[in-house]
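Peer 1: got a predicted structure plus its sequence, pasted below:
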Amino acid sequence: MSAVKHSQAMHFQARAGEKVRNPVLQRALQKAKPLFVGKRAKGVAALADDGLDFELLRTTCEGIRNRTLADLDVWLDIFEERAKATGAEVLWARDGDEVSQLVVDIARRHGVTKAAKSKSMLSEEAHLNEALAAAGIRPVETDLGEYIVQLAGETPSHIIAPAVHKTIEEVEALFAKEHGRPIETRTSADIPAMTQEARAVLRQHFLTAEMGISGANFLIAETGTAALVTNEGNGRMVTTLPKVHVVVTGIEKIVPTLEDFATLMRLLPRSATGQSISNYVSLLTGTKQPGDQDGPDKTVFILVDNGRANLLGSAYQDMLRCIRCGACMNHCPVYFSLGGHAYGWVYPGPMGSVLTPLYTGIENALDLPHASTGCNQCGSVCPVRIPLPTLMHRLREEQVERGLRPWSERLALKTWAWIAGKPLLYRWLTRRAARYLSWLADGEGRIRILGLAPEWTAGRDLPVAGGQTFHELYAARKRA
Amino acid sequence: MRLALYVTCLVDLMRPSVGFAALRLLESAGCAVVVPEGQTCCGQPAWSAGNKVLAADLAKKAIAELEGYDYVVIPSGSCTDQIRNVYPQLFAADAHWGPRSRAIAERTYELTTFLADVLKLPSALAEFDGSVTYHDSCKGLRGLGIKRQPRELLMKVNGLSLKEMTDCEECCGFGGAFSVKFGDVSTRIVDRKCDSIAAAGADAVVGGDLGCLMNIEGRLRRRGDETTRVLHIAEVLAGGGDS
Ligand code: SF4
């Protein structure tokens, strides 16, 4: 229920308008898009240098994910057994509220006052930071992007680049304010210096936090291991320095073997950032053993359902293959016109347009499956071949079947279909419509405001031909 | 060879010249072209809104009208995609309409694919004095794999030079009902397309789908570009844009 309570996805349309008209946001997005797209293209092209074929690899990865999902319960059992054997604890949570409860309990038991976090989307689903703060525990995000949005009191707007919606100038002003430095000390945005500044602050947090909380990109069943893929090294600090480490992750993140993991890793970073491998790949197994230099005394895995099990065996099961690379949003013309916040929940872009209605209720996110031009740029880049437009379409069908579409839309479609079913009537009406449109047009054959589609003509002129339909002209020509 | 020309509802209502250009192209290549009389709408708007029942009704009507020809040719990737890829899906479990929809799907071609791959048009087509840039519309490109065919045909036009724009495969933001529902988002997307077109610096932007073209033309004009011509590829191949 917590998801529904907090989902803003119903307000997509209103937010979309606001985001389109925000010049600062537009500038930030305009800069980011070509970077993402270009880097992925290069990364994928470079596969050939290693003698690998992208399409073949995609098929393999799709297969790994499908095989896992086919026996998800079995792999989860194996994971639990192997993880316990390495000294870790394995807990299960049905929803976000249970996640928060479990984490707060663990924190209380270990006298935790501060938790250092490495990015975990599930903790966003669970609103874990709010729950921790309410329990008197300070959560500190340590991924630079997440750190920025946390300072700004916002939520991430992208799954791998959480602060992509912010300009450098905005971040600099934020740092100046939050780090207590006069903004004049730097006149131009200097990214390395800003990173250093954040690093100095974060180091203290790593050293003083009693608990580390992270997600996992994958859970590996055969070894009971959590795999963490990062570019900043903060993941390593969060998972090894504090005495307690809690991994919060979805049940679908499991893969059977280390080899499966290695295969998926060929596509994950390439699809996300174009890298052949990310800067840090941590494989975290068990707790600190006698003789180990570092590592947590206690490791807890919290495996979360929060709507995932419902998708198994459903028409939407394909969505569970998702490996959270972000490629779909990076190639989505709608995402890059709005940024992620317009989507109203944890997951933005095409994958969010599918996941949000499924996890928070179809009736709570009516616009999202329609927030797509149907261009299929997302489906054509997804490394595990999730047919995102097909899934969005299925959601649209379900909305229609459940009577959730507005009456005006239903009436318009019904009327159109009824007319189109009667050729003579259709011809007569289209002839009238052609006359009407050409009557509305100005001297240059354009309509500047069309009452029937005000949103359309708000941004464009509607070009209009000569006032006669093709079929009308064709019939006349045949008679002549 | 007897073929049916399917004139899309947008062409019928908004730009008949595209239909006549397609007709001229096919006839001058020696095809016996029929424009089936009862044709109206392929049902894509209903389908994309998620209304399977209405989409299936219109699909049955279209199938009944289009059967009995060697080929069906459509000057639109998007409507072709509907018939080729969606119709068989709509009737996958239907013993009566399933085979009929699959038979129609196999014989239905988008115009440039038909000209380039089926008719294999050999030599020079028309005259065009100037440069064009080609916009790959999404349904044609990613649904049907149309990429090479229009370019191959354009290269056969006398006097025409092709200036590719960056991001020619990027969506123009039309998306049918999308551009009506989310007008301002769509405007933002088509703005980026207009930027790419401007940067290419061609005399005309050419495409195979009237929806995209109306969207692009509408935005170009609103932005104050009065000179870049916006043409359907049928118009270019058949010579000019006036009929
Ligand atoms: S849906 Fe595909 S492209 Fe999008 S994040 Fe998931 S795996 Fe990546």
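Peer 2: Looks like it came in fine.
Peer 1: what's near enough to touch residue 185?
Peer 2: This is for chain A. Neighbour list for A:Thr185: A:Ala176 [criterion: CB atoms under 8 Å, 6 or more residues apart in numbering or on different chains]. For glycine as for every other residue, the C-beta is placed from the backbone atoms N, C-alpha and C.
Peer 1: ah, no, chain B please
Peer 2: A:16, A:20, A:334, A:337-338, A:371, B:173.
Peer 1: which parts of the helix or strand harbouring it are buried?
Peer 2: Assigned by DSSP states H and E, B:Val185 belongs to helix B:183-200. Residues of helix B:183-200 classed as buried: B:183-194, B:196-198, B:200 (neighbour count, 16 or more other CB atoms under 10 Å in any protein chain shown).
Peer 1: work out the gap between it and the centre of the chain.
Peer 2: 20 Å (CA atoms, centre = their mean, to the nearest Å).
Peer 1: any part of the next helix or strand after it near chain A?
Peer 2: Next helix or strand after helix B:183-200 toward the C-terminus (DSSP H and E): strand B:204-207. No - in terms of CB under 8 Å from any CB of the partner chain, no part of strand B:204-207 sits within range of chain A; the closest distance is 12.9 Å.
Peer 1: which other helices and strands does strand B:204-207 contact?
Peer 2: With contacts taken as 3 or more CB pairs under 8 Å, 6 or more residues apart in numbering or on different chains; DSSP states H and E, strand B:204-207 sits against strand B:127-134, helix B:210-222, strand B:229-232, helix B:233-237.
Peer 1: and of those, who's closest to chain A?
Peer 2: Of all those, helix B:210-222 sits nearest to chain A, with 3.1 Å by CB to the nearest CB.
Peer 1: what angle separates that closest one from helix B:183-200?
Peer 2: Using axes from the mean of the first three to the mean of the last three CA atoms, to 10 degrees, the inter-axis angle of helix B:210-222 relative to helix B:183-200 is 80 degrees.
Peer 1: same for helix B:210-222, what does it pack against?
Peer 2: helix A:454-459, strand A:462-463, helix B:9-14, helix B:183-200, strand B:204-207, strand B:229-232.
Peer 1: and the first one with chain B, contact?
Peer 2: Yes - contact between helix A:454-459 and chain B is present through A:454-459 (criterion: CB under 8 Å from any CB).
Peer 1: list the buried ones in that helix?
Peer 2: Burial within helix A:454-459, assessed by neighbour count using 16+ other CB under 10 Å, is assigned to A:455-457, A:459.
Peer 1: distance of A:Pro350 from the ligand?
Peer 2: Distance of A:Pro350 to the ligand, given as CB to the nearest ligand atom, to the nearest Å: 6 Å.
Peer 1: from what I see, that residue and A:Leu388 are in contact.
Peer 2: Yes - judged on CB atoms under 8 Å, A:Pro350 makes contact with A:Leu388 at a distance of 4.4 Å.
Peer 1: one step back: which of the helices and strands packed on strand B:204-207 is buried the deepest?
Peer 2: Ranked by mean neighbour count, the helices and strands packed on strand B:204-207 are led by helix B:233-237 with a mean of 27 (mean count of other CB atoms under 10 Å in any protein chain shown).
Peer 1: return the distance of B:Phe178 relative to A:Val238.
Peer 2: As judged by CB to CB, to the nearest Å, B:Phe178 and A:Val238 stand 41 Å apart.
Peer 1: counting neighbours, go ahead and name the busier of the two.
Peer 2: Between B:Phe178 and A:Val238, counting by other CB atoms under 10 Å in any protein chain shown, A:Val238 is the more crowded of the two (32 against 22).
Peer 1: quick one: average confidence on the helix or strand B:Ser78 falls within?
Peer 2: Per DSSP H and E: B:Ser78 is located in helix B:77-81. Per-residue pLDDT over helix B:77-81 has a mean of 97.
Peer 1: got the CA positions of whichever helix or strand comes after it in CSV?
Peer 2: Heading C-terminal from helix B:77-81, the first helix or strand you meet, by DSSP H and E, is helix B:87-90. The C-alpha coordinates for helix B:87-90 follow below in CSV (Å, rounded to 0.1, in the frame of the first residue of the first chain):
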residue,chain,number,x,y,z
TYR,B,87,-3.8,-8.0,-37.9
PRO,B,88,-2.4,-11.5,-37.5
GLN,B,89,-2.0,-10.8,-33.8
LEU,B,90,-5.6,-9.6,-33.5
